[in-house]
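1. Model the following, please.
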Amino acid sequence: MVLSGGGARGTAHIGVLHALEQRQIQPDMVVGTSIGALVGALYASGHTAAEIDSLALATNVTRLFGTPQRFPTGWGELTPLVVWEQGELGFALRNPVVLEAETTGMLNGMLLHGNLVARGDFDSLTIPFRAVATDLATRDPVVFDAGDLARAVRASTAIPLVFTPVRMGGRVLSDGGLSANVPIAIARRLGAVRVIVSDVSSEPLGADQLASPLAVVEQLSSFLFTQPRDSLEGEDVYIRPDVDGVKSLDFTRPTIETLIARGKAAADSALSNASCPTRTTVAARRPARRVGAIEGDRLGAAELGTLRNLLGLHPGDTITIAKLAKSLERMAEINAYREVWLNPTGSDPVDFHLDVVRAPRRVVGLDLAYDNELGGRMGVAAVDREFLGRGTEATGTLSLGRFVKEATAGLRRNYGVEGARVAPVVTLRLAQEGVRRFLSDGEEVPEEETREGALFAGLQGDLARWTIHLGFDGRLWHTRLGDDGAAGAALRVLRPGRGQGLDVDVSARLTKTYRRVQATIGGEVDLGRLTLIPFTRIGWGSQLPSQATFALAGSDGFPGLHVQELRGDREVYIATRGQAAVYGPLAFVLEIAAGRVGFDGPLFASKGWLGGARAGVMAETPIGPIRAEYGLSTTGRGAVLVRVGKWF
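-> Sure, this is the predicted structure:
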């Protein structure tokens, strides 16, 4: 069985497997490239087509692309467009909108069953399996028949310019599609007499389709993954599902469902006249169930102990696959590591030889954004994960804009290396802000200049996907009313949803001078070509200085009004945003909102409520989202919003 590369189009392979199972056709070996390696590894591990189908539909692969990676919490709202990382080979430019650590965790979790079946030997799987990657130095194909199953698939699926290449055995490995996108010749070299080929590779565009620069770029990209097709022989079966027009990274649920159906239809047609032998399906082999020795190269005793605790692996324990898979997926939340591979070997109990790729020591990011009302904004962020030796992390940011200029610096013990889940942290923030002011009719008047310095010293803890800050908060500020200050306790609780659940941000500052509490909750509901984004924010304060008051709807602005036009020490804001895909990265957007802001009185007073709606278009681009929208409010006023990039 030969499964080609093809990105999201490779989900059509699942439909092909459905057709094989219905006819009780089981190959003697599976050879896969890129997405074909992932589907093939699952199939060879003993998963049925129905199980792979369910897994593909349940896994939100789309969130791995176009979503800012998990940056240090000290960077705040900055989500850099460009990132430089200092690794073993010096500084290198990286893609900041691909979740590589999450991708590694996802592959580790999905292929854990097979990894514990193979235990380093891919011939020990239910069906012998081979994954094809490419040596970037020579462009020669590299065929994996042993090692960590998830790591082999990770190397085979390392799309150039999207994922970082995998370094193994002195070689730099990337997507197998660069050397053997349809690996028929490799299957024959491995001894295959007959092949069943599922080919979902992209066809070159015709001359009439090359009218735009983007089409030319797409054509050049397809050339990288196209090689002369190996010849087929009389009894071979060639299956070509209808995948034309499907983008390589379109892993949305409707697309996957359509491709699986098309794959099955193509396979049913191709197999109807084929004389493939049938056989009773070989029973899936059982994975190892007990933990043996746990070792690791380049790992000290303390760090090895940390990894054992994070993974929940201890000699003599019984392995619970679901629990271990979840631990592997959550390793992405530990900033200390980019990759963690198990490398299971032996029988049962199984030994683990941990191999890790640590997060780069130093990272520098640049962020840019523009808003038609707030002007341009530039931000630079940096982190050094070994500032005072391993285990101490330093972060710093500098952002410059028309109304806000600020700098932050922080130190934190890196619990990802030391083993604790709670670490001391101290941060300093200096800011100069021009608080926007407006008359009742919306006319803008000169802003109020404020300056503030803030010091936080306390603890940061991580529990599953939650990050908690608790400690002392001291502030000094200057406004038109003079100088003042406050000292007291501060609490912040964060949970980034990243398309998997609710985004939660709750903060509280309690001092003798003033009190301020704010909670924001948001999330995404994926309905195929339509995405709904509900959002709620509630704020309450007492004796707030002007720079700490709540601006209705925050930096996005309330539909129909100026951004930050209405302020108060009470805020309630509720909105739902709908984004409907139109073509490629272009989407139509409609936002409906309601809210109120005011001073003193009850939070949910009956007066002062506003309603609004905003509509327009948005496009996801390499420099972030580009928005052009027009909003109306129940005041009868309208306003245009034009924004480039994610505001911070």
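2. pLDDT averaged over stretch 114-133 - what is it?
-> Averaging pLDDT along stretch 114-133 gives 96.
3. ok now that stretch, how far from the chain's centre?
-> Here stretch 114-133 shows a centroid-to-chain-centroid distance of 27 Å under the convention CA atoms, centre = their mean, to the nearest Å.
4. Next, the buried residues of it.
-> Using 16 or more other CB atoms under 10 Å as the burial criterion, the residues of stretch 114-133 that qualify are 114-120, 122, 125-133. C-beta coordinates here come from the backbone N, C-alpha and C atoms, glycine included.
5. before we move on, what about stretch 624-637?
-> Buried-residue list, stretch 624-637, by 16+ other CB under 10 Å: G624, P625, I626, R627, E629, G631, L632, S633, R637.
6. In strands, which of those fall?
-> The strands, defined by DSSP state E, take in G624, P625, I626, R627, E629, G631, L632, S633 from the buried residues of stretch 624-637.
7. What separation is there between the first one and A580?
-> As defined by CB to CB, to the nearest Å, G624 lies at a distance of 20 Å from A580.
8. Report the distance from stretch 558-566 to the chain centre.
-> Using CA atoms, centre = their mean, the offset of stretch 558-566 from its chain centre is 31 Å.
9. Ok, stretch 294-313 next?
-> 26 Å.
10. Please apply the same query to stretch 270-284.
-> Distance, centroid of stretch 270-284 to centroid of chain: 39 Å (CA atoms, centre = their mean).
11. Name the surrounding residues that touch that stretch.
-> 19-21, 23-26, 45-47, 117, 126-127, 194, 196, 235, 237-240 (CB atoms under 8 Å, 6 or more residues apart in numbering).
12. which of those residues are buried?
-> Buried among these by 16+ other CB under 10 Å: 19-20, 25-26, 45-47, 117, 126-127, 194, 196, 237-240.
13. and of those, the nearest to E303?
-> V117 (28.4 Å; CB to CB).
14. Where does pLDDT dip in the protein?
-> For the chain, residues meeting the criterion pLDDT under 70 lie at 60, 62-71, 87-98, 203-228, 280-282, 390, 414-420, 464, 498-501.
15. Dump the longest strand belonging to it to PDB, restricted to CA.
-> Secondary structure assigned by DSSP E gives strand 444-463 as the longest strand of the chain. The C-alpha trace of strand 444-463 is given here as PDB (Å, rounded to 0.1, in the frame of the first residue of the first chain):
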ATOM      1  CA  GLU A 444     -12.100  64.300  20.300                       C
ATOM      2  CA  VAL A 445     -10.300  66.600  22.600                       C
ATOM      3  CA  PRO A 446      -6.600  66.500  23.600                       C
ATOM      4  CA  GLU A 447      -5.700  63.300  25.500                       C
ATOM      5  CA  GLU A 448      -4.800  63.200  29.200                       C
ATOM      6  CA  GLU A 449      -1.100  62.400  29.600                       C
ATOM      7  CA  THR A 450      -0.300  59.900  32.300                       C
ATOM      8  CA  ARG A 451       2.900  58.100  33.400                       C
ATOM      9  CA  GLU A 452       3.100  55.000  35.600                       C
ATOM     10  CA  GLY A 453       5.600  52.500  37.000                       C
ATOM     11  CA  ALA A 454       4.500  49.200  38.400                       C
ATOM     12  CA  LEU A 455       6.300  46.400  40.200                       C
ATOM     13  CA  PHE A 456       5.000  42.800  40.700                       C
ATOM     14  CA  ALA A 457       6.700  40.300  42.900                       C
ATOM     15  CA  GLY A 458       5.100  36.900  43.600                       C
ATOM     16  CA  LEU A 459       4.600  33.400  42.300                       C
ATOM     17  CA  GLN A 460       3.600  32.000  38.900                       C
ATOM     18  CA  GLY A 461       2.000  28.500  38.700                       C
ATOM     19  CA  ASP A 462       0.800  26.300  35.900                       C
ATOM     20  CA  LEU A 463      -2.000  23.800  36.300                       C
END
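16. All set, thanks.
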